[in-house]
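1. Sharing a model prediction with you, sequence too.
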Amino acid sequence: MISKDEIRHLGWLSRLELTDSELDRYATQIDEIISYFDKLDNVSLTGSDPARSIKKVSELRNDNIHVFEGDPLEFSKNRKDGFVKGPRMV
Amino acid sequence: MPNHLYRLTADQVASGIKNRDFSAQEYISQILERIEKIDLKINAFVAVDKQGAAEKARSIDKRIHDGEHTGGLAGVALGIKDNICTKGLKTTCASKMLEGYVPPYDATVIKKLKENDAIIVGKLNLDEFAMGSTTEYSKYGPTRNPWNINYVAGGSSGGSAASVAALECAMSLGSDTGGSVRCPASFCSVVGLKPTYGCVSRSGLISYSNSLEQIGPVGKTVSDVVMLMNAIAGTDENDQTTRTTAIETIPNTMSLDRIPKYRLHQNNRNIRVGLVKELVEGADPAVSKCIYSAVDLFSRSDCKCEDTSMKSIEYALASYYTIAMAEASSNLARYDNIRYGFDSNPEEYEWNTYFAKVRNNFGEEVKRRIIIGSYVLSAGYYGKYYLKAQKAREMIKQEVKSLFEKYDVLIAPTMPILPFKFGEKIDDPLKMYQIDIDTVVANLAGIPAISIPVGFSDCLPVGLQIMANEMEEQTLFDVASSFESIVDIHKSPEI
Amino acid sequence: MVEVKIGLEIHCQLTGLQSKLFCSCQCDYRGKAPNTNICPICSGLPGTLPLLNQRAVDFASMISLALGCKVPDKVMFYRKNYFYPDLPKNFQITQYNAYGITSIGVEGRVDYGIKSTKIRRVQLEEDPGRLIYDTSFYTLIDYNRAGVSLVEIVTEPDFAEPKDVRMFLNKITSIIEHLGVGDTKLDGSVRCDVNVSLEGGKRVEIKNVGSFRDVEKALGYEITRQKTMSVRDIEIKSETRHWDEARKVTKQSRAKEEEEDYRYFPEPDIPTIVLGNEFLSSLKAKMPELPDERKIRFLREYELSDHVAQVLIDNKELADFFESTVKIYSSSPNEIANWIVSDLLGFIDDSKREEGSLFSGLRIEAKHMAELVKMIDQNIINRNIAKMILGQITKTGEMPSYVLDKMNASLIDSKAIISEAIESIFNSEKSAVRDAKQNPNAANFLLGKVMQLTGGRADPKIALNLIKTKLAVLE
Ligand SMILES: [Zn+2]
């Protein structure tokens, strides 16, 4: 059974400030969903590794400089002297 | 000038404009008019770029008039799912977290469409960050099914399918992570393709689950989908997971009208077809009846149809959702309202508090998936869920591979049920997830799959899904095209 | 004696690259206006994908080989998931050892002096952006650094003493420099986290030690702190502390409300990279000479003493200076090496060792050193004169023969030069100095020696005054 506290902790790991009613609702729903996932218990861990795309080093990007034209943060609202303004650290 | 230009297939539009039967401007004005008139009912578009579309049409007409070269999609109206970045055009993923976000670059597929002179008419509705199967989880409200506006259009690319079905654009791009192109294509009675993983660049597709998703074309006919695939497929230096194939000895910047990658020819001679028993039998009888009768018609030709079984399907949904949510929980971490996002001032907030507060503006379903994703990756559960899901995925992939030694294509319903009414499943997330059972296999295995219309039940569309081995898009198109001509149910909804 | 165990995590920027690890922005972010060295990829915009730099893989593999690590047949990247305002994606793309997949280097070993340390792993990862704490209301963020390639070198806790750590870090620096993959003298290009535990005790991590010079100090402070606590029977907690550069102490980092869980998983946007034999053998062929090989060559080719060779190769610039000099004047490599190690090093401002060039502020070049040693060999000058000349050329960049001509042509009235002569006489004539302290007349004896040393060209009045002043301040 997944507890409200576990959901709260997961919310903290994901930086989601969940309301009490959200915690209640998610606890029930997520418990049901995770129980469904439990069927994966029957899958053997000895099976082969997941296949992924494979590339050789020579197929990767060449180490060349290409300057991006324009400001990628042009539309960001909180700017100061070219910096991006963020929340305080302490 | 014909006054129903908006009804034409992309094929017809492209040749009509090239042959000067009508101008791009005439066509586009009818399309924009059509959107204006009916999108209030359908809600497929989240933004329409009237000015951009009109300007592009004007320039195409001028170039045709001046005898200059134009691309293979010259003048064709396309809608783009709003999770694909369009430079200078808002791209929001139907989320508050990307409110007002204007990308400073084009997705690779958009660059290719522009090179081919397609006209992008607007951005299309979706479930927030492509997480959903009905387009009900959009901050812009749900997209309605053009065949019955009280029913869901499917999702997450609901806008992509509904806009094509409702004749608001000739074709569209969606994205398919676990069925997100095929589900709405089926529900709206249009053709939708999920390409082989790595076949189409994901650069500029806003990630939901990177290892599963692909951008996919939606059209009224198989032929249109082939045409759009020819424009967007190919390796891309901006996506290191794209793959090189034999088909791709063609430089991908080349305009598609010169060298097509995929060809349209019907072919079902000696094709070996496997009907996936578990999926047909698991479907609603109204759906399976339609599938059986289509297959019956089809097997009267020279192909060999038989029932087959896919045992590992048992683990497909659990594996799919575990992986998708895990990747999503990480992909969505970057939305912290510092560099982009809705209006908010971080000043005076302690950073953890700020992050947690702003991030609570994700929608209900997105938050649910982030939390579950975080859970299956957490130290105590990684082995039990994430790792097992990966092993199950590999098992499914192996089984699918072995099936393609026996069959050229596999057939199943696209969706196990008919389109349903709004709100019917929204309170039960697990039930909602379970309707993806027929589509997730293709994503887990990385193979191509297409949904084509095969009939109606109670005036609601039924789609048939064809899957082929990886990189076998051509086989898929051959068979899909044969089905299309045999079943021949193309019609348009009355709206 | 309580046993101390020290382990290191060294972060070293691959400043030898042109572009960042996952995008084509410039690797050299230093001195640029904030947020002008960024693109959609390194600023974490939606829809962007990491585009792995092939040369970064080359460099990280070279470092791994140089540290005696095994380099696997294939490597993967992982996401380390945690939130922090300097992380554009709120996860870091790094490497991880799990389920049979390893980072780019594992299980290495580095010898230094007579000791050695095991290397746990070498991994390739991205640097975050930079935070500037402007006011207490907000933070300013600059992403120019975000995405720069870092190699993290993790050692086993094999060190027992801070001075061993210092020797090891010298070696690492020299390896990086010799490989040409990074310039360790650039501000912030090498950083070090250290972990310290007393025998059987809890492990304390010290983060944020910004320069290698401070590592020894941070360790010294931390070991004393832990020993004091242990003597007073206060429990040492497993914790993370920060090095306070200004106050030279370690401070407890603010306790986290909740424990982090990095939820590592394979990065889906980067394919598995096949390295394999072909890659490794082509890389080995490309590998430049490493410090150990160079030392052996110095011993063999130039017959240097072990100590002198070690001092030279510990700092690539010094070793390069030596070899450039030998190239110009090849007759006396030993003499050249000794002059560099025992005399030239004395002119180097130690505080500048980690900022800019070792020779910054000094105007000496190889051609000066070559001529100087040649003049000694030809008995044109004696060692004392040579020392004076050396002092002069480091300041002016004049050729030794030119300096000598000037000295011969005129009375030396430069107080600096005369002082240097006096200094050397005071060192060699200790008993005469003691006599002169009692008996002012004996100062004349010293003056005579100074005149002799300077070939009779020192201005005697100035020299005598300087000798008297120097005698007066002697204890
Ligand atoms: Zn960049």
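-> Right, received. Where do you want to start? Residues are numbered from 1 along each chain as shown, chains lettered A, B, ... in the order given.
2. mind checking how far residue C:62 is from residue C:447?
-> Using CB to CB, to the nearest Å, one obtains 60 Å as the distance from residue C:62 to residue C:447. Quick note: C-beta positions are derived from backbone N, CA and C, even for glycine.
3. who's more crowded, the two?
-> Comparing residue C:62 with residue C:447 by other CB atoms under 10 Å in any protein chain shown, the one with more neighbours is residue C:62, at 26 against 20.
4. which residues touch that one?
-> C:179, C:181, C:283, C:286-287 (CB atoms under 8 Å, 6 or more residues apart in numbering or on different chains).
5. pull the longest helix from chain A.
-> Looking across chain A with DSSP state H, the single longest helix is helix A:20-37.
6. Any buried residues in that helix, and which?
-> Residues of helix A:20-37 classed as buried by neighbour count (16 or more other CB atoms under 10 Å in any protein chain shown): A:22-23, A:25-27, A:29-30, A:33-34, A:37.
7. surely residue B:394 meets residue A:49?
-> Yes: counting by CB atoms under 8 Å, residue A:49 is a contact partner of residue B:394 at 6.9 Å.
8. Pick out whichever of the two has more residues nearby.
-> A direct count of neighbours by other CB under 10 Å for residue B:394 and residue A:49 places residue B:394 higher, at 20 against 12.
9. so what's that one up against?
-> A:47-51.
10. right, and residue C:170 touches residue C:314 too?
-> Yes: here residue C:170 reaches residue C:314: they are 4.8 Å apart, a contact under CB under 8 Å.
11. So what's the residue count around residue 13?
-> Since you didn't name a chain, this refers to chain A. Applying other CB under 10 Å, we find 25 residues neighbouring residue A:13.
12. that's the wrong chain, I wanted chain C
-> 25.
13. Repeat that for residue B:328.
-> 25.
14. So residue B:17 lies in a helix, does it not?
-> Yes: under DSSP: H, G, I helix; E, B strand; the rest coil, residue B:17 falls within a helix.
15. residues in contact with the most centrally placed residue in chain A?
-> Most central in chain A under CA atoms, centre = their mean is residue A:14, positioned 7.3 Å from the mean C-alpha point. Counting by CB under 8 Å, 6+ apart, residue A:14 makes contact with B:329, B:333, B:359, B:370-371, B:374.
16. ditto for residue C:425
-> Here residue C:425 is in contact with C:446, C:449-450, C:453 (criterion: CB under 8 Å, 6+ apart).
17. mind putting those in a markdown table, pLDDT included?
-> Compiled in a markdown table, the contacts of residue C:425 are given as follows (pLDDT from 0 to 100):
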| residue | pLDDT |
| --- | --- |
| C:446 | 86 |
| C:449 | 86 |
| C:450 | 85 |
| C:453 | 82 |
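18. ok, those vs residue A:58, which is closest?
-> Nearest to residue A:58 out of the contacts of residue C:425 is residue C:453 (CB to CB; 64.7 Å).
19. give me phi/psi at that closest one?
-> phi -60, psi -40 (degrees, to the nearest 10).
20. now it: how far from residue B:235?
-> Residue C:453 sits at a distance of 76 Å from residue B:235 (criterion: CB to CB).
21. chain center to stretch B:276-283: distance?
-> Distance of stretch B:276-283 from the chain centroid (CA atoms, centre = their mean, to the nearest Å) equals 23 Å.
22. what's near enough to touch residue 36?
-> Using chain A. For residue A:36, the contacting residues are B:317-318, B:430, by CB under 8 Å, 6+ apart.
23. Return a ChimeraX selection command for the buried portion of those residues.
-> In ChimeraX, this line selects whichever of the contacts of residue A:36 come out buried by 16+ other CB under 10 Å:
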select /B:317,318
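24. of the contacts of residue A:36, closest to chain C?
-> Comparing the contacts of residue A:36 against chain C with CB to the nearest CB places residue B:318 closest, at 16.9 Å.
25. my read is the closest one is in a strand, agree?
-> No: Residue B:318 is assigned helix when assessed by three-state DSSP, not a strand.
26. so residue A:90 sits right up against residue B:352, yeah?
-> No: using CB under 8 Å, residue A:90 makes no contact with residue B:352, being 10.8 Å away.
27. quick one: which of those two has more around it?
-> More crowded of residue A:90 and residue B:352, by other CB under 10 Å: residue B:352, with 19 against 8.
28. Does the more buried one fall in a helix, a strand, or a coil region?
-> Assignment for residue B:352 (three-state DSSP): helix.
29. All good on my end, thank you.
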